[in-house]
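**Student:** from the sequence below, what's the structure:
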Amino acid sequence: MSKINLLSKAIDVASTFIRDYNLLCSSRSNPKYFTRKGKIAFVNLIAFTLNFVRKSLQLEIDSYFKLINSDVSITKQAFSQARLKITHEPFKGLFETTTQLARSEDDMDTFKGLHVSAIDGTTIAVENMPELAAYFGYSGAGATAATARASALYDVLNEVLLDARIDKFSCGEREMASQHILRLQDMGVSNDLIIFDRGYASAELIAQLSEAGIHFLMRVRRKFNKEIDAFASKDGFVKITHKRKAYRIRVVKFPLSSGVIETLITDLPQDTFETCDFQTLYFKRWPIETRYDTLKIKLQLENFTGKTVLSVLQDFYASMFLSNMATFAKYVTDAEIQKDNADKNLDYEYKTNVNILIGKLKDNLVLAMLEPNPKKRERAMQKVLAEIARNRTPIRPDRQFERKTPRNKRFFMNKKSAL
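**Tutor:** Sure thing, here's the model as predicted:
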């Protein structure tokens, strides 16, 4: 299956998934819930939460039921009470269906045969409510801002979130990275490489990756290991010990344009990966940084629809699902743009405008999931994808900008909301 078919397949799977009676039974917090036909059914509760809900909650509710041609009228209080009747597992399950589909695809991009991912963490601002603060914890000066910690395992070459977690602010990034590794093992290790920024390197994590058969590339700080600091060669080996077992680790050093010496450690062999490969390879982790920008700015991840721990978990995994669905849609529209521009003498290559893509998927994605007829579902999505493909932006390679601290401003010209 070509990866441009992933969106269609994912919609089919999601459509079946949310209608599964076993899912309803395993997700409701009481066996009596959703046994009668109420104003907001289980499927509508799931679909509404997946509809990029970012505006006033009552406006979104009214718009949703108008969208599905229903004369039902419910209040935001009724919705908030209904969502308490289910766990966050349906949304996590939907997200995991997208990761499983991506992992089963044999048409994904690789680097010298490696499936390249990166792990990185971020903080998530939540409402300063007593329940959220007590669960997630505080950050900031004086520890006054309720904050969660999130982490992701991200396929940087194919723009797919393979695993994502949200936890207490006190949870360490290495601990979350360890959970990502376990998840990757559950999905099936297949010539995987994970790239880590400095701060992740530890003997324990190196041992876990080595035992799991997962390749790694880590940036290390000074004083992580005295032998590495004293290492004079630009490419050689040291031994790192964990629980009395020694692991042979390759050390690669090269100068950056600033003159600073970058130090990386890896288990990749010298006969396949030359020293010069690593500067290119390490900087392939950058897309995980831009994915967080997409999640927080374009998908408005921190714009939660509730003030409970449950609502935060539901919204978090709904956003992870939507992020991957947007990527699958982008496969289709990027391919259409390349096909359309193939015979044109253009100064730049073009790609999909992601902001427009996200805005167009609102309403249309859930309508496709709710449509029981696969042919109608496919025709409707093809029409939307054609509209998205007409909105394209040039790819300007090797652009570099001086990083400036912006003034305190609420709205930016280059960060207009699509939702």
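**Student:** only C-alpha atoms from now on, for both contacts and neighbour counts.
**Tutor:** Fine.
**Student:** identify the residues contacting stretch 259-272?
**Tutor:** 215-221, 248-256 (C-alpha atoms under 8 Å, 6 or more residues apart in numbering).
**Student:** I misspoke; the intended subject was stretch 101-116.
**Tutor:** Here stretch 101-116 has contacts from 1-3, 6, 10, 155-158, 160, 187, 190-195, using C-alpha under 8 Å, 6+ apart.
**Student:** among those residues, name the buried ones.
**Tutor:** Taking 16 or more other C-alpha atoms under 10 Å as the criterion, what is buried in the contacts of stretch 101-116 is K3, L6, A10, D155, V156, L157, N158, V160, D192, L193, I194, I195.
**Student:** by pLDDT, give me the weakest of these.
**Tutor:** Lowest pLDDT among these: K3, with 93.
**Student:** okay, the spatially closest residue to that one that is not a sequence neighbour: pLDDT?
**Tutor:** Leaving out its chain neighbours, the residue that sits closest to K3 by C-alpha to C-alpha, 6 or more residues apart in numbering is D107, at 5.9 Å. pLDDT, D107: 92.
**Student:** checking my notes, D107 in a strand, right?
**Tutor:** No. The assignment for D107 is coil, going by DSSP: H, G, I helix; E, B strand; the rest coil, so no strand is present there.
**Student:** so what's the residue count around it?
**Tutor:** Applying other C-alpha atoms under 10 Å, we find 12 residues neighbouring D107.
**Student:** one more: E60?
**Tutor:** E60 has 18 nearby residues by other C-alpha under 10 Å.
**Student:** next: the one 5 residues further on.
**Tutor:** Applying other C-alpha under 10 Å, we find 17 residues neighbouring F65.
**Student:** name the nearest residue to it, sequence neighbours excluded.
**Tutor:** Leaving aside its sequence neighbours, F65 sits nearest to V72 (C-alpha to C-alpha, 6+ apart; 6.5 Å).
**Student:** any chance you could map the helices in the stretch 101-250 of the chain?
**Tutor:** 130-136, 173-187, 203-212, 226-229 (DSSP state H, counting those that start in this stretch).
**Student:** for the ones you listed, which one sits closest to F17?
**Tutor:** Smallest distance to F17 across those (C-alpha to C-alpha): 18.9 Å, for helix 173-187.
**Student:** buried sites along the helix ranked longest in the chain?
**Tutor:** In the chain, taking DSSP state H as the definition, the longest helix is helix 309-341. Buried residues in helix 309-341, counted by 16+ other C-alpha under 10 Å: 309-334, 336-337.
**Student:** again, but for stretch 48-59
**Tutor:** Across stretch 48-59, burial judged by 16+ other C-alpha under 10 Å covers F48, T49, L50, N51, F52, V53, R54, L57.
**Student:** thinking again about what came up before, so which of the contacts of stretch 259-272 sits lowest on pLDDT?
**Tutor:** For these, the pLDDT minimum is L256, 83.
**Student:** now that one. Nearest residue, chain neighbours left out?
**Tutor:** E262 (6.5 Å).
**Student:** ok, the one you found - how many residues close by?
**Tutor:** Around E262 there are 14 residues (other C-alpha under 10 Å).
**Student:** in a strand, it, correct?
**Tutor:** Yes. E262: assigned to a strand according to three-state DSSP.
**Student:** so what's it bridging to?
**Tutor:** Listed by DSSP bridges, the beta-bridge partners for E262 are F254.
**Student:** which residue ranges of the stretch 251-400 of the chain form helices?
**Tutor:** 277-282, 286-293, 309-341, 354-370, 374-389.
**Student:** and the shortest one, which residues are buried?
**Tutor:** Which is helix 277-282. F278, Q279, Y282.
**Student:** and the gap between the residue nearest to A164 when sequence neighbours are not counted and D167?
**Tutor:** Nearest residue to A164 in three dimensions, chain neighbours excluded: A152, at 4.3 Å (C-alpha to C-alpha, 6+ apart). Look at A152 and D167: by C-alpha to C-alpha, to the nearest Å, they are 12 Å apart.
**Student:** for R221, give me its contacts.
**Tutor:** By C-alpha under 8 Å, 6+ apart, the contact set of R221 is R198, G199, T263.
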